[in-house]
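Undergrad: please find the sequence and the predicted model below.
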Amino acid sequence: MELLGMFDELSHGLADLPMFPYFEMAHYIVSVMALREQPGALEVSRVSPLACWFSSMLYCFGGSVLSGIMLAEPPVAPLSNGPVILLASLVWYLVFYSPMDMVYSCTALPPIRVVLSGLKEVTRTGKVLGGVTMAHNKYKDSLLVMIAIGWARGAGGGLISNFEQLVRGVWKPETNELLKMSYPTKITLLGAVLFTLQQTHYLPLQRHHLMLLYTLFIVVNKVGIRHSV
């Protein structure tokens, strides 16, 4: 009984945990680092900081942009949140332009990167659940739409990677996530399916319990992958 009580308390704690600013900042750091490590991205940052910034925002907010387009909402809505954009822009600047490359060098250290990656995965749960909930409010009986929006909101940065590449003057259609899905895209699709089934009462679990189970699963897997690399 004590174990069940602890599990319930943890699940409620996670459900009520604010993502901004610390968890979201980890998401921005890992996302911008992923962009910086793309071939040619560092060169683009020197030639056109504006293109580099725009690419970084797509990495950070791709899920919100893509899910907004799919729900016929303004794709620029994420840009209306001043504090969020300011924090993401500050992270972009520090990762690409900090003196002596100190910020990137520190965050790229394996122990720090593992922690940041784990924190980023915590935000994935909220994004997937948020997308499923948004879709459910508009299309209550459509499982496919809820799965698609949850998937788009949680893995939008990868799903629109070809468009982001065009911003940097790169065209690689063979890297399309639908043709060859990466681990984050696959695990987000799984989450979208699970939260959709829970939302429509096909999965007999409380939402906060599923949130905790899914978060533990993706964090442990992500940290394990990072640790093994």
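TA: Yes, it's here.
Undergrad: give the next helix or strand downstream of the strand or helix carrying residue 111.
TA: Assigning secondary structure by DSSP states H and E places residue 111 in helix 110-138. The helix or strand immediately downstream of helix 110-138 is helix 143-159, counting by DSSP H and E.
Undergrad: check which residues of that following helix are buried.
TA: For helix 143-159, the neighbour count (16 or more other Cβ atoms under 10 Å) marks 143, 145-159 as buried. To be clear about C-beta, it is placed using only N, CA and C from the backbone, and glycine gets the same treatment.
Undergrad: dump the C-alpha coordinates for it into PDB.
TA: Listed next in PDB are the C-alpha coordinates belonging to helix 143-159 (Å, rounded to 0.1, in the frame of the first residue of the first chain):
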ATOM      1  CA  LEU A 143      -8.700   8.600 -32.700                       C
ATOM      2  CA  LEU A 144      -6.500   9.100 -35.800                       C
ATOM      3  CA  VAL A 145      -6.700  12.900 -35.500                       C
ATOM      4  CA  MET A 146      -5.800  12.800 -31.800                       C
ATOM      5  CA  ILE A 147      -2.800  10.500 -32.500                       C
ATOM      6  CA  ALA A 148      -1.600  12.700 -35.400                       C
ATOM      7  CA  ILE A 149      -1.800  15.900 -33.400                       C
ATOM      8  CA  GLY A 150      -0.200  14.400 -30.300                       C
ATOM      9  CA  TRP A 151       2.600  13.000 -32.500                       C
ATOM     10  CA  ALA A 152       3.100  16.300 -34.400                       C
ATOM     11  CA  ARG A 153       3.200  18.300 -31.200                       C
ATOM     12  CA  GLY A 154       5.700  16.000 -29.500                       C
ATOM     13  CA  ALA A 155       8.000  15.300 -32.500                       C
ATOM     14  CA  GLY A 156       7.300  18.300 -34.800                       C
ATOM     15  CA  GLY A 157      10.900  19.400 -34.900                       C
ATOM     16  CA  GLY A 158      11.900  16.100 -36.600                       C
ATOM     17  CA  LEU A 159       8.800  15.900 -38.800                       C
END
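Undergrad: for that helix, packing partners?
TA: Contact analysis of helix 143-159 by 3 or more Cβ pairs under 8 Å, 6 or more residues apart in numbering; DSSP states H and E lists helix 49-70, helix 110-138, helix 183-199 as its packing neighbours.
Undergrad: and the next element down the chain from that helix?
TA: Assignment by DSSP H and E places the next element after helix 143-159 at helix 161-167.
Undergrad: buried residues in that following helix?
TA: For helix 161-167, the neighbour count (16+ other Cβ under 10 Å) marks 161-162, 164-165, 167 as buried.
Undergrad: again, but for stretch 199-213
TA: Within stretch 199-213, the residues that count as buried by 16+ other Cβ under 10 Å are 199, 208-212.
Undergrad: swap in stretch 36-43?
TA: 36, 38, 41.
Undergrad: kindly format the C-alpha coordinates of it as CSV.
TA: What follows is stretch 36-43, C-alpha atoms only, in CSV (Å, rounded to 0.1, in the frame of the first residue of the first chain):
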residue,chain,number,x,y,z
ARG,A,36,24.6,23.0,-34.3
GLU,A,37,25.8,19.5,-34.9
GLN,A,38,24.1,19.3,-38.3
PRO,A,39,26.6,19.4,-41.2
GLY,A,40,27.1,23.0,-42.3
ALA,A,41,25.0,24.5,-39.5
LEU,A,42,28.0,26.2,-37.9
GLU,A,43,29.0,27.8,-41.2
